[in-house]
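*Asks:* just a sequence and a predicted model for now, questions to come.
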Amino acid sequence: MANDITFSITTTRFDEDYAPAETSRVTTNFANLARGADRQQNLRNALTMIDRRLNDLASAENPRGDRYRVELDIISVQLHFSDGADEELPVIEVLDVHIVDTLTGERHQGIVGNNFSSYLRDYDFSVVLPAAQAAAGGFTVPDDFGDLHGKIFQHFLASDAYRERFPLPPVICISVSTSRTYRRTGVVHPALGVEYAQDATSSLTDEYFGKMGLQVRYFMPRGSVAPLAFYFRGDLLADYSDLQLIGTVATMETFQKIYRPEIYNARTPAGEVYQPSLEAADFEPTEVTYDRVERSQLAVTQGRYAEEHFVKPHRRILDEWAAHYSLATR
């Protein structure tokens, strides 16, 4: 197809020596931890929390609780235009999980995805949406909101770059919404725990991920205090092993404890009916430094960066590509 889009992938190990690349979004969970005077201690504490939670959930034949260790790689995706434009545009960053069995020496493939970072998503939510609402004088969502982002993401999953590297579709794991109420369904999974369902219709986030080809389910793992939202393709409960799912839970629950301790480090676990709130006072802070206000401000800055360096200069090519893009060609 004329003006086709291709992708390349670079990998960076996420460990206590990690330093964000210049093209990384600084609001990304992992990049935010690696800033400031306490950066190395922040990273060390977060990685320790992940390993501890992994061994807690993977307790079979693990009497000392130290059998497994998580290795995390940051997967950075660059977009390329085939019409001669030689610029590489950073579009997506996710985490790839591997689980090391220190007893047998095996290194197990975990799930890719987990955290999801996108300059274009910042542009949609921090530039496009506020502009549309200001013009309308109230809450409104453009009909094509998230269309381009969703097509680019699905094109990436169908690309040789993705398929040659990852055997399974991604799973994105984020916080539940503070604007929704959740109720237990009665389903209990051995790795993911108790399932919840939201009362209301799908949220704007659900619809946005839906355009990326992802559906959502909510689970509260054993020992957790709030459900997590899992966005996935296919069958979340059948396509991945329990150990793979545990790797994602351990990783993303740790990030949520750091970034939303009011919800994920609360002293009282969610009951049969649950309404998450960032105003709750009964929680334990973690030993990781994090500035949530700064993070939200940077999202606006990075959305404008995406507009200036990605959307505006390549608008004609992007519009032409999106108009001709068909999922049937995957």
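*Replies:* The structure has been received and is ready for your questions. Numbering: from 1, shown residues only.

*Asks:* hmm, residue 233 and residue 169 touching each other?
*Replies:* Yes: under the criterion of CB atoms under 8 Å, residue 169 lies in contact with residue 233, with a separation of 4.0 Å. Bear in mind the C-beta positions are built from the backbone N, C-alpha and C, glycine included.

*Asks:* what is in contact with these two at once?
*Replies:* Residues within reach of residue 169 and of residue 233 at once, by CB atoms under 8 Å, 6 or more residues apart in numbering, are residue 157.

*Asks:* where along the stretch 1-150 of the chain do the strands fall?
*Replies:* If DSSP state E, counting those that start in this stretch is used as the criterion, the strands of the stretch 1-150 of the chain fall at 5-14, 68-81, 89-101, 107-117.

*Asks:* adjacent strands (with direction) for the last one?
*Replies:* Strand 107-117 has the following sheet partners, assigned by DSSP bridges: strand 89-101 (antiparallel), strand 171-175 (parallel).

*Asks:* then the longest one?
*Replies:* Strands that pair with strand 68-81, judged by DSSP bridges, come out as strand 5-14 (antiparallel), strand 89-101 (antiparallel).

*Asks:* run the chain-centre distance for that strand.
*Replies:* Relative to the centre of its chain, strand 68-81 is centred 12 Å away, using CA atoms, centre = their mean, to the nearest Å.

*Asks:* quick one on the thing from earlier: the strands of the stretch 1-150 of the chain: which one's closest to residue 309?
*Replies:* strand 89-101 (7.6 Å; CB to CB).

*Asks:* is residue 77 in a bridge, and if so with what?
*Replies:* Counting by DSSP bridges, residue 77 is bridged to residue 9, residue 92.

*Asks:* these two touch, right, it and residue 88?
*Replies:* No: applying CB under 8 Å, one finds residue 77 not in contact with residue 88, separated by 10.1 Å.

*Asks:* common neighbours of these two, please.
*Replies:* residue 8.

*Asks:* of these two, who's got more company?
*Replies:* residue 77 (22 against 14; other CB atoms under 10 Å).

*Asks:* so how far is residue 180 from that one?
*Replies:* Relative to residue 180, residue 77 is positioned 30 Å away (CB to CB, to the nearest Å).

*Asks:* now do residue 156
*Replies:* 28 Å.

*Asks:* and residue 172, by the same measure?
*Replies:* Distance of residue 172 to residue 180, given as CB to CB: 17 Å.

*Asks:* before we move on, what about residue 238?
*Replies:* Taking CB to CB, one finds residue 238 at 26 Å from residue 180.

*Asks:* between those two, which one's more packed in?
*Replies:* residue 180 (21 against 6).

*Asks:* just checking, that one touches residue 202?
*Replies:* No: using CB under 8 Å as the test, residue 180 is too far from residue 202 to be in contact (9.6 Å).

*Asks:* now the end-to-end length of stretch 20-38.
*Replies:* Start and end residues of stretch 20-38 are separated by 15 Å (CA to CA, to the nearest Å).

*Asks:* check stretch 74-92 too.
*Replies:* With CA to CA, one end of stretch 74-92 sits 10 Å from the other.
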